[in-house]
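K.L.:
Structure here, sequence nowhere to be found:
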Ligand SMILES: CCCCCCCC(=O)SCCNC(=O)CCNC(=O)[C@H](O)C(C)(C)COP(=O)(O)OP(=O)(O)OC[C@H]1O[C@@H](n2cnc3c(N)ncnc32)[C@H](O)[C@@H]1OP(=O)(O)O
Ligand SMILES: Cc1cc2nc3c(=O)[nH]c(=O)nc-3n(C[C@H](O)[C@H](O)[C@H](O)COP(=O)(O)OP(=O)(O)OC[C@H]3O[C@@H](n4cnc5c(N)ncnc54)[C@H](O)[C@@H]3O)c2cc1C
């Protein structure tokens, strides 16, 4: 592969982009200075020879992969400490390096310290008293201890009130006795629990004075800090009184229990991680669509016109319809994630002053946004893989592993269905308040306006689409509410009525979330457009319109059921979709270049900036040990004797 050559197709694509991709990079980073800082930070890690991939870890054993990951995680940690010493590593940078895309590029086989930073430390910050934070946080930040978050058990992940591990207070010794009494109570799944962590936040049922007070968080030492040997016994383990994180619920030394201002505060860490997942899902989708878009600009296949040469597959409208909505979905989730992060920070500071009012709305939004962003990003990444044909299926394309990382998000931190039902719980109350003329919180205000009018006539604008999406959501919420109450009126008890209506409840949550995302995306773009060049503004507007139109067209059934849209309007929407795909086509490569994802993070021969796909693919497969020799020994050992025996 000639050094520094640029694929001719990509060269042409970059000449035809209507705006300067750097402007989009600066916008997404929050300014040119931030871009420079990010690039420097990435260079600081990616150029470190100790961190660069010598051979693909695909060829290592499970044990070697773990050891390799621990070695690199320690190098990363030391480098983060160097950044810290220079005052360049705040929590967000930590997350980016230890959890986000940069982290997953450096630590392709997972980060044994991930849970330490993403859950152990935030839980102590969120659930520990000031004294407990003072005792544990600096030790954890300086990696004097390594923690994990042990909530899920072999028998329970979702239903945390059903967790079986117990923590029984012994006033005689002022200790808690922790016990996992059954096989199903064994802590299972916590990242790092097996070999890495020497401490854990253990979520257990608190017993004191013979009364069960529900689940609470406890710090438990798992391994000796010097020898790393497991601490003695894993039954009836005793921990000191002040190892129970007591910011919310407390046990006094005599064993009396002081209730938390709200039992929901124990759930706080889970909201934090759900908020983080929205942004992470968006960023993984952005990586996948960058790979698929650049590859689609380089790959030539088949014919559009017999007389013409094989076209770039990016010129097939079906290919555009696979990829461009993923470009738009990235922005939709990015802006929704930014909005949710702001709300999380505001509500968390209100909680500090005992103000709990907005916690239910935050919980409802965090649940449905985590569920929809994880599911849509996973589906979008799989669509990008499929759009790359056979080469997309190769593990070196990075698409299968990216899909694996994101589809796990659908399960962890609250399984999607369960979280959508949590949001539905909130929506049913909101609809009842709407019927009773009670005040509504901001994210469900639209229920009032939708009830008063049956929708305006079609017009080619995102506000019309937002109103239609809100009408669909309100219609589904009303239907589920009515069906559930009809069942109750017929004598079905409320729990069974809830379960029997749960399909419609989940669908109502999804519709509510999609309407929220479209509106938040639109409002964000409206704010941004006046501050960027006319060309970039136009491109961002086209992407937002594409997200809105494509999302609505995927809901034609509900649109017909809950609005007065006509088939003529649907024809107009289809035409609008095709116009937008054509408008975005010349800018597609420019948009992904604007994401400015370092080739080492892309980590895919299909998506490198220079577009030399075939040379890079060939170089990649040559790394396989299986290709080191022309004849593999299995021929002489197994095949040849078999062949001989046939003769
Ligand atoms: C990069 C990231 C790496 C991360 C790796 C993955 C880490 C993990 O997976 S850690 C383990 C995560 N596990 C989970 O998330 C468990 C999911 N399950 C749950 O959250 C709960 O069991 C849940 C919500 C399903 C139901 O809990 P349950 O106690 O039955 O509550 P429920 O009876 O439904 O509701 C009780 C009240 O609490 C509220 N509530 C429930 N959860 C929360 C919360 N997190 N925040 C605020 N309020 C909440 C409900 O809204 C309800 O309020 P109301 O009565 O006013 O309507
Ligand atoms: C990669 C990964 C990392 C993880 N890391 C951690 C960690 O570090 N710490 C930790 O504590 N846990 C961790 N987990 C565990 C994770 O939090 C749980 O797997 C998750 O909460 C789902 O619970 P579960 O596995 O018990 O599934 P279940 O709840 O058993 O789900 C199985 C099915 O039952 C359905 N279901 C369950 N309850 C309901 C309901 N009320 N209504 C309708 N349907 C229902 C679900 O929708 C799903 O279809 C991790 C999991 C994964 C995959």
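P.N.:
Thanks, I have the structure now. Since the model is a prediction, treat every value here as computed from it, not as a measurement. Ligands and ions are numbered 1, 2, ... in the order given.
K.L.:
Next to ligand 1, which bits of this structure? Give me the list.
P.N.:
In this structure, the chain approaches ligand 1 at residues 99, 118, 149, 151-152, 158-161, 191, 264, 267, 270-271, 273, 276, 359-360, 363, 412-414, 418, 422, 425, judged by CB under 6 Å from any ligand atom. Using the backbone N, CA and C atoms, a C-beta is placed for each residue, glycine as well.
K.L.:
Buried only: go through these for me.
P.N.:
Restricting the residues of the chain next to ligand 1 to buried positions leaves 99, 118, 149, 151-152, 160, 191, 267, 270-271, 273, 276, 359-360, 363, 412-414, 422, 425, with burial counted as 16 or more other CB atoms under 10 Å.
K.L.:
Would you confirm that residue 148 contacts residue 194?
P.N.:
No. Between residue 148 and residue 194 there is no contact, the gap being 9.4 Å when judged by CB atoms under 8 Å.
K.L.:
Tell me where the model's unsure across this protein.
P.N.:
Counting by pLDDT under 70, the chain shows low-confidence ranges at 1-4, 53-55, 89-99, 452-455, 647.
K.L.:
Please enumerate the strands of it.
P.N.:
Secondary structure of the chain (DSSP state E): strands located at 147-150, 166-170, 175-179, 199-208, 211-221, 237-240, 250-251, 257-258.
K.L.:
Dump those to TSV, plus distance to residue 23.
P.N.:
Putting these into TSV (distance: least, CB to CB, whole Å) gives the following:
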stretch	distance to residue 23
strand 147-150	40
strand 166-170	55
strand 175-179	55
strand 199-208	44
strand 211-221	46
strand 237-240	55
strand 250-251	53
strand 257-258	55
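K.L.:
for those strands, which one ends up most surrounded?
P.N.:
strand 147-150 (a mean of 28; mean count of other CB atoms under 10 Å).
K.L.:
chain center to it, what's the gap?
P.N.:
Taking CA atoms, centre = their mean, to the nearest Å, one finds strand 147-150 lying 19 Å from the centre of the chain it belongs to.
K.L.:
Same question for stretch 554-572.
P.N.:
Between the centre of stretch 554-572 and the centre of its host chain there is 31 Å, according to CA atoms, centre = their mean.
K.L.:
Stretch 627-646 now?
P.N.:
Using CA atoms, centre = their mean, the distance from the centre of stretch 627-646 to the centre of the chain it belongs to is 46 Å.
K.L.:
Residues contacting that stretch, please?
P.N.:
Counting by CB atoms under 8 Å, 6 or more residues apart in numbering, stretch 627-646 makes contact with 621, 626, all of which sit outside it.
K.L.:
What's the end-to-end length of that stretch?
P.N.:
Stretch 627-646 has an end-to-end distance of 28 Å (CA to CA, to the nearest Å).
K.L.:
oh, and call the first residue 9 from now on, that's how I've got it
P.N.:
Sure, I'll start numbering at 9, so the last one becomes stretch 635-654.
K.L.:
rewinding a little: if we check ligand 2, which of the buried ones among the residues of the chain next to ligand 1 are in contact?
P.N.:
The overlap between those and the neighbourhood of ligand 2 (criterion: CB under 6 Å from any ligand atom) consists of 157, 159, 160, 199, 420, 422.
K.L.:
Residue 138 versus residue 360, what's the distance?
P.N.:
11 Å (CB to CB, to the nearest Å).
K.L.:
Next up, phi/psi of the residue in the stretch 109-258 of the chain positioned nearest to ligand 2, please.
P.N.:
Per CB to the nearest ligand atom, residue 165 is where the stretch 109-258 of the chain lies closest to ligand 2, at 2.3 Å. Dihedral angles of residue 165 (phi, psi; degrees, to the nearest 10) stand at phi -130, psi -50.
K.L.:
so it touches residue 423, yeah?
P.N.:
Yes. Contact between residue 165 and residue 423 holds when scored by CB under 8 Å: they sit 7.3 Å apart.
K.L.:
Mind checking which of these two has more residues around it?
P.N.:
Here residue 165 and residue 423 are compared on neighbour count by other CB atoms under 10 Å; more neighbours surround residue 165, at 18 against 14.
K.L.:
list the contacts for the more buried one?
P.N.:
Taking CB under 8 Å, 6+ apart as the definition of contact, the neighbours of residue 165 are 197, 423.
K.L.:
Close to ligand 2: what parts of the chain are there?
P.N.:
Applying CB under 6 Å from any ligand atom, one finds that the chain approaches ligand 2 through 123, 157-160, 164-166, 197-199, 416, 419-420, 422-423, 425-426, 429.
K.L.:
5 Å instead?
P.N.:
Proximity of the chain to ligand 2 is confined to 123, 157, 159-160, 165-166, 197-199, 416, 419-420, 423, 425-426 under the rule CB under 5 Å from any ligand atom.
K.L.:
Packing partners of the helix ranked longest in the chain?
P.N.:
With secondary structure taken from DSSP state H, the chain has its longest helix at helix 325-360. Applying 3 or more CB pairs under 8 Å, 6 or more residues apart in numbering; DSSP states H and E, one finds that helix 325-360 makes contact with helix 276-306, helix 367-394, helix 510-536, helix 542-561, helix 575-592, helix 596-603.
K.L.:
No further queries at this time; thank you.
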